[in-house]
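[1] I would like to see how this sequence folds:
(one chain, ligands or ions: 2)
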Amino acid sequence: MPNHFLRVEGASVSFGHDEARVHALRDVSLSFKPGTLSLVMGPSGSGKTTLLSLLGCLLSPDKGSVFVDGVAVNGLSEAERTAVRQQKISFVFQAFRLFHSLSALDNVALGLEIRDPAASRRTEVARDLLLQFGLGDKLHQEPKALSPGEKQRVAIARALAGNPPILLADEPTASLDAEAGRNICQILRSQVDEHGRTVVVVSHDPRWEKFADRIVTLCDGCVEEEVGVL
Ligand SMILES: Nc1ncnc2c1ncn2[C@@H]1O[C@H](COP(=O)(O)OP(=O)(O)OP(=O)(O)O)[C@@H](O)[C@H]1O
Ligand SMILES: [Mg+2]
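    Ligands and ions are numbered 1, 2, ... in the order given. As a prediction, the model looks like this:
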């Protein structure tokens, strides 16, 4: 099994009980190879965020398995699962989720500290990432002084601090204008091409299509279509 391979096999997830029961995912099997960008599309409520939560070891399936690098994550203890997540998986969200009273630099440095408490040169690593994303003149700004596109670049820098092999992004361009959105697509694409990361993007945004290696469409909790190379 190649490194940093992600797989869900026969995975079903439901929420609630009896009449209120919702089947968010039904018997879904998908693989995500290193060095590829997969785009997950589908209507609202089709199970995209649920799939990302499974891949990110935030949620366990009712049935089926999730594998990270060949290890069945649902067989692990909560502490072991948390360790897998910390070492291997990072998230980017539509809502940025930055720490409001911290500068861009401290947001990224703290992200690294949370992921790897023993990491040295945290400020230097954070500065390098922000420079790489064109934010050299914004290092000491708090999120409220940043544009939405800049906030998302800080959030991506924070997610990448610690060099995680797997990056999961839920609607990362939904609130961004054309230029800022394209910029985020290019940044995540370069994480695949230059660093060989496994990137999974959930989005309604058709701008992602030309940046993706394959497109998975979910409908009502099932895989409706899979197009492109795996
Ligand atoms: N924590 C939860 N409790 C109860 N139901 C949930 C929960 N999370 C998701 N669901 C339900 O599961 C289904 C799939 O939700 P999910 O959030 O995965 O959809 P989505 O494709 O991400 O939708 P959107 O495009 O609106 O973000 C929906 O019917 C949703 O209401
Ligand atoms: Mg969602």
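[2] Secondary structure element holding F96?
    F96 belongs to no helix or strand when assigned by DSSP states H and E.
[3] what comes into contact with stretch 105-120?
    Here stretch 105-120 makes contact (CB atoms under 8 Å, 6 or more residues apart in numbering) with 86, 90, 98-99, 102, 122-123, 125-127, 129-130, 139-140, 143, 154, 157-159, 161-162, 164. All C-beta spots, glycine's among them, are computed from the backbone N, C-alpha and C.
[4] and the residue of the chain found nearest ligand 2, how many neighbours?
    At 3.2 Å from ligand 2, T49 is the closest residue in the chain, using CB to the ion. By other CB atoms under 10 Å, the residues close to T49 number 17.
[5] One more: E179?
    E179, neighbours per other CB under 10 Å, totals 8.
[6] how about the most centrally placed residue in the chain, phi and psi?
    Computing the C-alpha centroid of the chain and ranking residues by CA atoms, centre = their mean puts L168 first, at 1.3 Å. For L168, the backbone dihedrals (degrees, to the nearest 10) come out as phi -120, psi 130.
[7] Test my guess that it contacts L54.
    No - if you go by CB atoms under 8 Å, L168 and L54 don't touch, sitting 10.1 Å apart.
[8] show me the contacts for the residue nearest to the centre of the chain.
    L168 neighbours (CB under 8 Å, 6+ apart): L52, L55, G56, I89, S90, F91, V92, V199, V200.
[9] do that again at 7 Å, thanks
    L52, L55, G56, I89, F91, V200 (CB atoms under 7 Å, 6 or more residues apart in numbering).
[10] is it in a bridge, and if so with what?
    Taking DSSP bridges, one finds F91, V200 as the beta-bridge partners of L168.
[11] Tell me the spacing between it and ligand 1.
    For L168, the distance to ligand 1 (CB to the nearest ligand atom, to the nearest Å) stands at 12 Å.
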